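S.K.: Pasted the sequence and its predicted model underneath.
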Amino acid sequence: MIAVFFVVWWITFVALANMGVKTQAEAGEIVAGTPASAPHKTRIGRNALWTTLVSAIIVAIIYWVITYSGLTLDDYPFMPEFIDYK
C-alpha cells in the first residue's frame, strides 16, 4: 500500500503544485533576471503538507474499496482474451 501512496502523492503534488501560486507580475515585484511569470513565493512546505493530506484521504478511500467494499477484480470488465488460432 505504500507504493500506492507514493504514486498518489506524486500525482496529487503535480496537480496541486500550481494552485494558489501568485506570479511576480501579479505581486508587482519582479526580480531582475527572472521572468515575470516566475512564482513570487513557492511555499513548497505548504504544498507538500496539503499534498500529504489529500493523498492520505485518496489512499484511505482506495484501501476501503479494496478491503471492505466487497469489490473484486472479477467485478470489473476486462478486454476479452483472444484465442490464438495457430
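M.R.: Cool, the structure landed. Computed from a predicted model, the values in this text were never measured in an experiment.

S.K.: got the contact list for stretch 39-46?
M.R.: The contact list for stretch 39-46, computed with CB atoms under 8 Å, 6 or more residues apart in numbering, reads 20-24, 26-27, 29. Heads up, the C-betas are built off the backbone N, CA and C, glycines and all.

S.K.: Of the residues you listed, keep whichever come out buried.
M.R.: Q24 (16 or more other CB atoms under 10 Å).

S.K.: Can you list which of the contacts of stretch 39-46 are found in helices?
M.R.: The helices, defined by DSSP state H, take in 24, 26-27 from the contacts of stretch 39-46.

S.K.: where along the protein do the helices fall?
M.R.: Secondary structure of the chain, counting by DSSP H: helices at 2-16, 24-27, 44-67.

S.K.: Give the closest residue to T34 in space, chain neighbours not counted.
M.R.: Using CB to CB, 6 or more residues apart in numbering and skipping the chain neighbours, the partner closest in space to T34 is Q24 (6.6 Å).

S.K.: Confirm for me that the one you found is in contact with I30.
M.R.: Yes. Counting by CB atoms under 8 Å, Q24 touches I30, with 4.7 Å between them.

S.K.: Now do the shared contacts for these two.
M.R.: Common neighbours of Q24 and I30 (criterion: CB under 8 Å, 6+ apart): A36.

S.K.: so where's the chain shaky on pLDDT?
M.R.: Within the chain, the stretches with pLDDT under 70 are 85-86.

S.K.: hang on, the earlier thing: can I get the helices of the chain in a markdown table with distance to T34?
M.R.: Formatted as a markdown table, the helices of the chain follow (distance: least, CB to CB, whole Å):
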| stretch | distance to T34 |
| --- | --- |
| helix 2-16 | 22 |
| helix 24-27 | 7 |
| helix 44-67 | 17 |
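
S.K.: Among those, which comes closest to P35?
M.R.: P35 lies closest, by CB to CB, to one member of these: helix 24-27, at 7.9 Å.
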